[in-house]
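J.: need a 3D model of the sequence below.
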Amino acid sequence: VQLVESGGGLVQAGGSLRVSCAASGSTFSINAMGWYRQAPGKQREVVATITSGNSSTNYADSVKGRFTISRDNAKNTMYLQMNSLKPEDTAVYYCKATIYYNDYARGIRYGMDYWGKGTLVTVSS
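T.: Below is the predicted model:
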């Protein structure tokens, strides 16, 4: 699975931006996807996730009510609509896809994560 993010840029506080993640390869195997971000000097953190089956979503408390994660299965693309942006939202935003595999020989199920290279979002005050 290959993931390519796009749509990052510079926006003023209070503004909106939509970032996209285009997936290619074995996209039919993807079980869940998510957006993560990493600000300078900080650890990478989860922003929002969405499952493949029922498109169940979860959000970090810091973005609830402002960000919306969605996916277009026909286009193999995931989106993150970001509204009411704040300077603290400034970060590199990464797309992640998780695929679960069954190892029948060992009787275990494990997941593998695939990451994009990220897109920079800068929010000016």
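
J.: what's opposite residue 114 in the beta bridge?
T.: Beta-bridge pairing of residue 114 under DSSP bridges involves residue 97.

J.: so which residue is dead centre in the protein?
T.: residue 35 (1.8 Å; C-alpha atoms, centre = their mean).

J.: for the most far-flung residue of the chain relative to its centre, phi and psi?
T.: Distance from the centre of the chain peaks at residue 105, with 32.5 Å (C-alpha atoms, centre = their mean). For residue 105, the backbone dihedrals (degrees, to the nearest 10) come out as phi -60, psi -40.

J.: host element of the residue nearest to the centre of the chain?
T.: strand 32-38 (DSSP states H and E).

J.: state the mean pLDDT of that strand.
T.: Per-residue pLDDT over strand 32-38 has a mean of 97.

J.: and stretch 9-24, by the same measure?
T.: Stretch 9-24 comes out at a mean pLDDT of 97.

J.: and the end-to-end length of it?
T.: 23 Å (C-alpha to C-alpha, to the nearest Å).

J.: with stretch 3-15 instead?
T.: Using C-alpha to C-alpha, one end of stretch 3-15 lies 26 Å from the other.

J.: what comes into contact with it?
T.: 17-24, 84-87, 92-97, 114-125 (C-beta atoms under 8 Å, 6 or more residues apart in numbering). Heads up, the C-betas are built off the backbone N, CA and C, glycines and all.

J.: buried subset of the residues you listed?
T.: Among the contacts of stretch 3-15, those classed as buried by 16 or more other C-beta atoms under 10 Å are 17, 19-23, 85, 92-97, 114, 116, 118-119, 121, 123.

J.: from those, which ones fall inside helices?
T.: Among the buried ones among the contacts of stretch 3-15, DSSP state H puts none in helices.

J.: just the residues you listed: which are in strands?
T.: Among those, the members falling in strands (DSSP state E) are 17, 19-23, 92-97, 114, 119, 121, 123.

J.: hey, C-alpha coordinates of stretch 86-103 in CSV?
T.: Only the C-alpha atoms of stretch 86-103 are listed here, as CSV (Å, rounded to 0.1, in the frame of the first residue of the first chain):
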residue,chain,number,x,y,z
LYS,A,86,-5.4,27.4,15.4
PRO,A,87,-1.7,28.0,15.5
GLU,A,88,-1.2,24.9,17.6
ASP,A,89,-2.5,22.9,14.7
THR,A,90,0.7,23.6,12.9
ALA,A,91,2.4,20.3,12.1
VAL,A,92,3.2,17.8,9.5
TYR,A,93,0.1,15.7,8.9
TYR,A,94,0.6,12.1,8.1
CYS,A,95,-1.7,9.5,6.7
LYS,A,96,-1.7,5.9,8.0
ALA,A,97,-3.3,2.7,6.8
THR,A,98,-3.5,-0.5,8.8
ILE,A,99,-3.9,-3.9,7.3
TYR,A,100,-4.6,-7.0,9.5
TYR,A,101,-3.1,-10.3,8.5
ASN,A,102,-3.9,-13.8,9.7
ASP,A,103,-0.9,-16.1,10.4
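
J.: brilliant, that's me finished.
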